[in-house]
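*Asks:* return atomic coordinates for the entry below.
(chains A and B)
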Amino acid sequence: MSADFLYLVEVILNGLMAGVMYSLVALGFVLIFKASGIFNYAQGVMALFAALTLVGIQTGQVPFAHLINAIFGTNVHHFGWQVPTVLAIALTVGVMVLFAIIVERYILHHLVNQEPIILFMATIGLAYFMEGFGDIMWGSQIKTMDVGLPSGGSLWLEEYTQGWAAEGERYYGMYLDKLDMVASLVAIVLVVSLTIFSQYTTTGRALRAVADDHQAALSVGISLRTIWVIVWSIAGFVALVAGIMWGAKSGVQFSLSLIALKALPVLMLGGFTSIPGAIIGGLIIGVGEKLFEYAIGPLIGGATENWFAYVLALMFLVFRPQGLFGEKIIERV
Amino acid sequence: MFYRESGDFKKTYQKDSQTFPIKFDRMRYYFVLAVAFLVIPMFLTDYMANAVMIPFLVWAIAALGLNILVGYTGQLSLGTGGFMAVGAYATYKLMTAFPGMDMVTVILLSGLITAFVGAMFGLPSLRIKGFYLAVATLASQFFLVWLLNKVPWFYNNSASGQISAPEREMFGVIITGPHATPVAAYLFCLVFAVALAWLARNLTRGRLGRSWMAIRDMDIAAEIIGVNPLMAKLSAFAVSSFFIGIAGSLFFSVYLGAAEVTEAFGITVSFAVLFMIIIGGLGSIFGSFVGAAFMVLMPVLLKNVLVGGMGWPTDLAAHFEYIIVGGLIIIFLIVEPHGLAQMARVLKEKLRLWPFPH
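*Replies:* Prediction:
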């Protein structure tokens, strides 16, 4: 095999795995949109907040230290203990559930039956709020996420693939990030368990009923409020997973919240209402983006990753306005 | 008793269909105009002009433009920042390529160029609806900013990648560049804001505006009764982009003076303008102005209170600003989803019945 071909394969594989990372964020969007028709812009900030909380709990930071110091003139920063990773994750999940309850009680509950754009704006407001709140609670400096995930390239794969190139060509083997591989596995587990949960449990059934028709679900005795809390909790959990993966990859910092913008084209391409759509859309976007940057990027000045995903999604949408796997939009006059 | 239709007899059809049918409203309108043109320039300080009045007028124009698209035509757009950037860069190119051209022409031409670009990016709206369209308009945001950043021709190969407005004068008074007086810059923006508000008001109650509103209320039904969706949607995108382009043009040439595209016209700009029209009120000219005033004044106020008044460190105050802005948006949406304009409408109804409510 020629080195060029192997390089192309490497680009595609990396694209696929980048796509999985996008899907992780897009999943949270889909869950909430399906269950409540809310386009939750705050999903990216939720991932940031979850990651911040996890790191904060793990390293024993004092919440609101900066604020306390500014008001009382004290100088507190750390409790001085380290919380084990598993316990810290469990506590963070607890925080996200609490967050879901608060969101439902103080925001969604008051906005039932409003137009979609109003709900969308409310989630942008929520995103702003949480961004400031997360920074005040845990400080805005860049933190490293250390939950024991592997990092760096896989040496084994590099050595293994080195011999694949044709004789006499310089080829150093494929570079794949170990973290990306773990992320792919986690994403698979997450999607399978979400599917099983929604297909085979009573709560999952109720979730699907609410997604189908709010009023019909209400009339058979499903509590909308409980369902919404559950959905936002699950979305919070998905955000935590995404936050761990992205945080381990690029550090826990403000830019983590911008991954929401990366997930939007995925969502558009896959359809707002489809979980498999989020995964497949992510893969298409990931591969398309990397291939375009690899093949055409250098010709037009690079850094195309910011917008190419949107243009790609737009091209798909022109032919299928509801996304690849979205429900068919039926309009009646 | 002063806010009544009764006794205000309309003798011509023209009078009957005027914008402000109630005499009190008419007087108030002329009063506001007089204050804005005559009184404010007398007391305008540098700080007031640069921190409050000029940004308010510029954002109000942008909000008007977005309101035409979102509030009147129902096409949710998140590409405002990108279109403002187009207006700004068009102004820069025109100002440097034709040094003799006067500023009004430059700004109107920039608006027209943006209108053309906007209509191009409005094409997907014929196929895509709702949130899918909102996300699709993000494509224009990212693509335009990337393009303006990557092609050196747009910023005349300047090493820093920045564009800066050269000095221009009108009627012998400098209005752009570092030596501009705040009063001249303020009046220049004010003329545009008033003229565009007048244009928007009259467009939206005419044939074009009605076709936009028909599309907003239900596009299929509108098509059946004979509204051409292609024309309505594209004209809405074009007119809205014209306004936004002018806002971007003024923002760069009069307010900022120098700009870098990723900083000045990023996605946060798009969201900020969207906030303005939601808080002010969708589908309301008055709402665009109130929303802009709110979003411009609040950060200034917060900064003065938190940093100046309570002596907090600036980074902490900045985080608090986020919390308060976010919280206020949510509270606003819960209390009055139709914005400040709706509150004004309710107040007017109350005034008409006062002092005998039922």
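
*Asks:* only C-alpha atoms for contact and neighbour calcs from this point on.
*Replies:* Will do.

*Asks:* isn't residue A:116 up against residue A:37?
*Replies:* Yes - between residue A:116 and residue A:37 there is a contact under Cα atoms under 8 Å: 7.3 Å.

*Asks:* settle it for me: which of these two has more neighbours?
*Replies:* Neighbours per residue (other Cα atoms under 10 Å in any protein chain shown) separate residue A:116 from residue A:37, with residue A:37 holding more: 18 against 15.

*Asks:* wait, that one touches residue A:115, no?
*Replies:* No - when contacts are counted by Cα under 8 Å, residue A:37 is not listed as touching residue A:115 (9.9 Å).

*Asks:* now do the contacts for residue A:230.
*Replies:* residue A:100 (Cα atoms under 8 Å, 6 or more residues apart in numbering or on different chains).

*Asks:* quick one: it is in a helix?
*Replies:* Yes - looking at residue A:230 with DSSP: H, G, I helix; E, B strand; the rest coil, it is inside a helix.

*Asks:* against chain A, how distant is the closest residue to residue B:36 other than its chain neighbours?
*Replies:* Excluding its sequence neighbours, the residue lying closest to residue B:36 (Cα to Cα, 6 or more residues apart in numbering or on different chains) is residue B:190, at 7.9 Å. Residue B:190 sits 29 Å away from chain A, going by Cα to the nearest Cα, to the nearest Å.

*Asks:* now do the buried residues in stretch B:177-185.
*Replies:* Under the neighbour-count criterion of 16 or more other Cα atoms under 10 Å in any protein chain shown, stretch B:177-185 has B:177, B:180, B:181, B:182, B:183, B:184, B:185 buried.

*Asks:* export those to TSV and tack on secondary structure and distance to residue B:71?
*Replies:* Putting the buried residues of stretch B:177-185 into TSV (DSSP: H, G, I helix; E, B strand; the rest coil; distance: Cα to Cα, whole Å) gives the following:
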residue	secondary structure	distance to residue B:71
B:177	coil	35
B:180	coil	35
B:181	coil	35
B:182	helix	32
B:183	helix	32
B:184	helix	32
B:185	helix	29
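
*Asks:* so which of those residues is the closest to chain A?
*Replies:* For those, the residue nearest chain A by Cα to the nearest Cα is residue B:177; the value is 31.4 Å.

*Asks:* pretty sure that closest one sits against residue B:169.
*Replies:* No - using Cα under 8 Å, residue B:177 makes no contact with residue B:169, being 9.4 Å away.

*Asks:* identify each buried residue in the helix or strand where residue B:223 lies, please.
*Replies:* For residue B:223, the host element (DSSP states H and E) is helix B:219-224. The neighbour-count check on helix B:219-224 (16+ other Cα under 10 Å) flags B:219, B:220, B:222 as buried.

*Asks:* Serialize the residues you listed to JSON lines and add fields for distance to chain A and pLDDT.
*Replies:* Formatted as JSON lines, the buried residues of helix B:219-224 follow (distance: Cα to the nearest Cα, whole Å; pLDDT from 0 to 100):
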{"residue": "B:219", "distance to chain A": "9", "pLDDT": "84"}
{"residue": "B:220", "distance to chain A": "7", "pLDDT": "88"}
{"residue": "B:222", "distance to chain A": "10", "pLDDT": "90"}
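
*Asks:* ok so, going back, please state the offset of the helix holding residue B:223 from the chain centre?
*Replies:* Computed by Cα atoms, centre = their mean, to the nearest Å, the separation of helix B:219-224 from the middle of its chain amounts to 29 Å.

*Asks:* then stretch B:47-55?
*Replies:* Averaging C-alpha positions (Cα atoms, centre = their mean) puts stretch B:47-55 16 Å from its chain's average.

*Asks:* show the end-to-end separation of that stretch, please.
*Replies:* 12 Å (Cα to Cα, to the nearest Å).

*Asks:* pull the helix or strand with minimum mean pLDDT from chain A.
*Replies:* Lowest on mean pLDDT, DSSP states H and E among the helices and strands of chain A sits helix A:155-162, with a mean of 69.

*Asks:* if you go through the chain in chain order, where are the strands?
*Replies:* All of this refers to chain A. Secondary structure of chain A (DSSP state E): no strands present.

*Asks:* wait, chain B
*Replies:* Per DSSP E, chain B carries strands over the ranges B:163-164, B:169-170, B:173-174, B:258-259.

*Asks:* near chain B, which residues of the stretch 1-150 of chain A are found?
*Replies:* Taking Cα under 8 Å from any Cα of the partner chain, the part of the stretch 1-150 of chain A that reaches chain B is made up of A:39, A:66-67, A:70, A:107, A:110-111, A:118, A:121-122, A:124-133, A:135-136.

*Asks:* try 10 Å this time
*Replies:* With Cα under 10 Å from any Cα of the partner chain as the criterion, the stretch 1-150 of chain A meets chain B at residues A:39, A:66-67, A:70-71, A:106-112, A:114-137, A:139-140.

*Asks:* okay, and which of those residues map to helices?
*Replies:* Mapping those onto helices (DSSP state H) picks out A:66-67, A:70-71, A:106, A:116-137.

*Asks:* buried subset of these as a ChimeraX selection?
*Replies:* The ChimeraX selection below is limited to those of those classed as buried (16+ other Cα under 10 Å):
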select /A:66,67,117,118,119,120,121,122,123,124,125,126,127,128,129,130,131,132,133,134,135,136,137
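
*Asks:* for stretch B:241-261, what is the average pLDDT?
*Replies:* Stretch B:241-261 carries an average pLDDT of 88.

*Asks:* show me how far it is from its chain's centre.
*Replies:* Distance of stretch B:241-261 from its chain centroid, counting by Cα atoms, centre = their mean, is 11 Å.

*Asks:* kindly report the same for stretch A:321-333.
*Replies:* For stretch A:321-333 - counting by Cα atoms, centre = their mean - the centre lies 24 Å from the chain centre.

*Asks:* can you measure across that stretch, start residue to end residue?
*Replies:* Start and end residues of stretch A:321-333 are separated by 19 Å (Cα to Cα).

*Asks:* and it, what's buried?
*Replies:* A:321, A:322, A:323, A:324, A:325, A:326.

*Asks:* surely the fourth one meets residue A:314?
*Replies:* No - under the criterion of Cα atoms under 10 Å, residue A:324 lies out of contact with residue A:314, with a separation of 11.6 Å.

*Asks:* which neighbours do those two share?
*Replies:* A:268, A:269 (Cα atoms under 10 Å, 6 or more residues apart in numbering or on different chains).

*Asks:* measure the closest residue to residue A:59 other than its chain neighbours to residue A:60 for me?
*Replies:* Distance criterion Cα to Cα, 6+ apart; nearest residue to residue A:59, sequence neighbours excluded, is residue A:82 at 5.1 Å. Using Cα to Cα, we find residue A:82 at a distance of 6 Å from residue A:60.

*Asks:* quick one: list the elements packing against the helix holding residue B:223.
*Replies:* Helix B:219-224 sits against helix B:207-217, helix B:229-250, with contacts defined as 3 or more Cα pairs under 10 Å, 6 or more residues apart in numbering or on different chains; DSSP states H and E.
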